[in-house]
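**Q** After the sequence you'll find the predicted model.
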2 protein chains.
Amino acid sequence: MKIRSVLSAAALAVATTFAASQAYAQDTFTLRLAETWGPNFPIFGDASKNMAEMAEKMSDGRLRIRIDSANKHKAPFGVFDMVKAGQYDMGHSASYYWKGKVPNTLFFTSMPFGMNAMEQYAWFYHGDGMELMQEVYEPHNLMSFPGGNTGVQMGGWFRKEINSLEDLQGLKMRIPGFAGEVFAEVGVSPTNIAPGELYTALERNTIDAVEWVGPALDLRLGFQQIANYYYTGWHEPATELQFLVNKKTWEKLPEDLQEILRVSMRMASYEMLVQSQHENAKAWASIKEEYPDVQIKKFPKDVFDAMYEANQKLLKEAAAGDELAAKIVKSQAEYLEKSRAYSDISERAYLNTMAEVE
Amino acid sequence: MKIRSVLSAAALAVATTFAASQAYAQDTFTLRLAETWGPNFPIFGDASKNMAEMAEKMSDGRLRIRIDSANKHKAPFGVFDMVKAGQYDMGHSASYYWKGKVPNTLFFTSMPFGMNAMEQYAWFYHGDGMELMQEVYEPHNLMSFPGGNTGVQMGGWFRKEINSLEDLQGLKMRIPGFAGEVFAEVGVSPTNIAPGELYTALERNTIDAVEWVGPALDLRLGFQQIANYYYTGWHEPATELQFLVNKKTWEKLPEDLQEILRVSMRMASYEMLVQSQHENAKAWASIKEEYPDVQIKKFPKDVFDAMYEANQKLLKEAAAGDELAAKIVKSQAEYLEKSRAYSDISERAYLNTMAEVE
């Protein structure tokens, strides 16, 4: 963090006759942010840019955020460590990337069969979400904030139709993280392959299926050219990115700039959800038009039932032996149950009504 | 609007050695806002308070918004006129309240069988929504911004079950606006009754049914005590409140405060949607527990089909003979079609999967 006073020495002498806060408010802060994505990565990268632009405009240039993409800092998955160490003031990434380091970071991105975006935001801001997340990040000198939501991610591109649990046995699929573990429980062989090699791997049958994000980001990788079955989602119903802030940086900011930063981050996170809706709708319309062979498929009920059971088992294991994990799993399950009962009679009922109406 | 310089004359002499924008940025603005709601009206009133608090904190007190509730200004439905005339700098209300005055204001709150909240936000910010809305408000010296979303509103409380179109004939229902006109087309007698008299009217069979908002706000009026059938929504799938700003007020603000105001309004609008999810889920859980006789019902398909047809007919009439109305109706229909195709394979598919899983 670089602090530069815009007050000249002469001006400062008079400025001290103002309220101290007025003088302090003239300080200019330039924060450095490391993002996990490459330069100009669509949607995800727009969220950090949008946040930085709002902060700069609202502060009349007193709060500047300089973004380094992965090509610059060379450590896409080193963001947590770099912000913790103070090499960077901020990060833009996703909480579940740190689960190898701090297992309980897993819970703050999106969970299989979990809350959708609105339910999860309500849990963060009106339930226990923000407090529990801070409990996880506090020991690392970090603050974590929601950083942009993708909405429901698609279940992936498959070259063959899945008609039963049988069809999943030994299937090689790119699907990382907790969802990969769930798939493994029902017979899939999850693999992780670098994004740049995914298309070729799918084309040459090195893998049978690939999960990525949703129409807008999937379209760029070209899976629609070589796989006809596009499955609906279950594993990341509300993937929330993350802004990380080094706690010492935060504490150095005056209150007005703290509020500007808080609001800019939260607003950028909501805006990414809205942008995702727009970009995904546009991309899906273009896939439908240009690739008429692509079919939307839903896994059969026995597959979903088996995955749901596997998910519950894995959650139970995650909660066993870790008090904080148990507290988070319980909070999420209770909030989901109550919130979904309402989503079912409002959003779901409405969308189903519209789908049936003639 | 009141402008007060915080710079003393002596300080000003030195301040002129700063960039002019730095000196100007020290001006303090107090804007007066008239809201349609009474004091401490839950959720709706929280949105304007939340907006004002963010603006004040982010501007370090340079932008203050003083809120007058309806009990103060005595003109809940005079907000449009008062802000237009400059009696107030801002308003918090709903666009469709002005359709008697300016018919095309109808389209910017929520339309029967229309977009849900995410689709509508995407239309506002990535489609033509904001531009079309400004085209409607511009001639009135006003700027209009989204001001808080309720999510899908419930279809209303009925004392008798609706099993067919027959059951709607002559049914007396409190349902205002365009949705009331749709209901009228299929045989309902829509009436408008002051909120304070709704409970008694329903209890004494002066009306047979009442539409209000959703569990959180309905619960306060007590309908669950006297009506057992709670219908799912179709008529206001994404009711968006509105912030109005007098254009001259806006133009007097320096750029940083314009951005602070823009962001505070937009953020408050998203936050109301999240709060609505939370409060409605809480209220619905309490209704289910304390009023086990209350049943969720969906209108039969023939009723929805007839209402959908009536809605299309009324939209066609609204568009005929008004070029701007035609442009808005077309923009909304096209955006809805594309956006819903994606919502169906993401949000709807996911919620349905979860409802079926065991």
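**A** Yes, it's here.
**Q** just for the stretch 101-250 of chain A, where's the confidence low?
**A** The stretch 101-250 of chain A contains no residues with pLDDT under 70.
**Q** how about a cut-off of 90?
**A** Within the stretch 101-250 of chain A, the stretches with pLDDT under 90 are A:176-177, A:192-196.
**Q** what angle do the helix or strand harbouring residue A:123 and helix B:117-126 make?
**A** Secondary structure from DSSP states H and E places residue A:123 in helix A:117-126. Per axes from the mean of the first three to the mean of the last three C-alpha atoms, to 10 degrees, the angle that helix A:117-126 makes with helix B:117-126 is 90 degrees.
**Q** Could I get the contacting residues of residue A:92?
**A** Contacts for residue A:92 (C-beta atoms under 8 Å, 6 or more residues apart in numbering or on different chains) come out as A:33-37, A:44, A:47-48, A:51, A:67, A:79, A:147, A:241-244. The C-beta positions use only the backbone N, C-alpha and C, and glycine is treated the same way.
**Q** buried residues in stretch A:140-149?
**A** A:140, A:142-149 (16 or more other C-beta atoms under 10 Å in any protein chain shown).
**Q** can you map out the strands along chain A?
**A** A:2-5, A:27-35, A:63-68, A:90-93, A:142-149, A:156-158, A:172-174, A:189-191, A:209-210, A:229-231, A:240-246, A:295-297 (DSSP state E).
**Q** Deepest in the core, which of the ones you listed is it.
**A** strand A:90-93 (a mean of 28; mean count of other C-beta atoms under 10 Å in any protein chain shown).
**Q** Show me which residues of the top helix by length along chain A are buried.
**A** In chain A, with assignment by DSSP state H, the single longest helix is helix A:255-290. By 16+ other C-beta under 10 Å, the buried positions in helix A:255-290 come out as A:256-285, A:287-288.
**Q** now stretch A:205-212
**A** For stretch A:205-212, by 16+ other C-beta under 10 Å, it's A:207-212.
**Q** average pLDDT across stretch A:273-293?
**A** Mean per-residue pLDDT for stretch A:273-293: 98.
**Q** now it: how far from the chain's centre is it?
**A** Stretch A:273-293 sits 20 Å away from the centroid of its parent chain (C-alpha atoms, centre = their mean, to the nearest Å).
**Q** and the closest residue to residue A:345 other than its chain neighbours, bridged to which residues?
**A** Of all residues not flanking residue A:345 in the chain, residue B:296 sits nearest, at 5.1 Å (C-beta to C-beta, 6 or more residues apart in numbering or on different chains). Beta-bridge partners for residue B:296, by DSSP bridges, are residue B:230.
**Q** Quick check: residue B:296 touching residue B:230?
**A** Yes. Assessed by C-beta atoms under 8 Å, residue B:296 is found in contact with residue B:230 at 5.6 Å.
**Q** Identify the contacts common to these two.
**A** Common neighbours of residue B:296 and residue B:230 (C-beta under 8 Å, 6+ apart) are residue A:345.
**Q** circling back: so can I have a markdown table of the strands of chain A showing distance to residue A:351?
**A** Shown next, in a markdown table, are the strands of chain A (distance: least, C-beta to C-beta, whole Å):
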| stretch | distance to residue A:351 |
| --- | --- |
| strand A:2-5 | 49 |
| strand A:27-35 | 34 |
| strand A:63-68 | 37 |
| strand A:90-93 | 31 |
| strand A:142-149 | 18 |
| strand A:156-158 | 22 |
| strand A:172-174 | 28 |
| strand A:189-191 | 31 |
| strand A:209-210 | 27 |
| strand A:229-231 | 19 |
| strand A:240-246 | 22 |
| strand A:295-297 | 15 |
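**Q** of these, which approaches residue B:324 most closely?
**A** strand A:142-149 (33.8 Å; C-beta to C-beta).
**Q** so how far is residue A:158 from residue A:207?
**A** According to C-beta to C-beta, to the nearest Å, residue A:207 stands 10 Å off from residue A:158.
**Q** residues shared between the contacts of those two?
**A** Contacts common to residue A:207 and residue A:158, judged by C-beta under 8 Å, 6+ apart, are absent.
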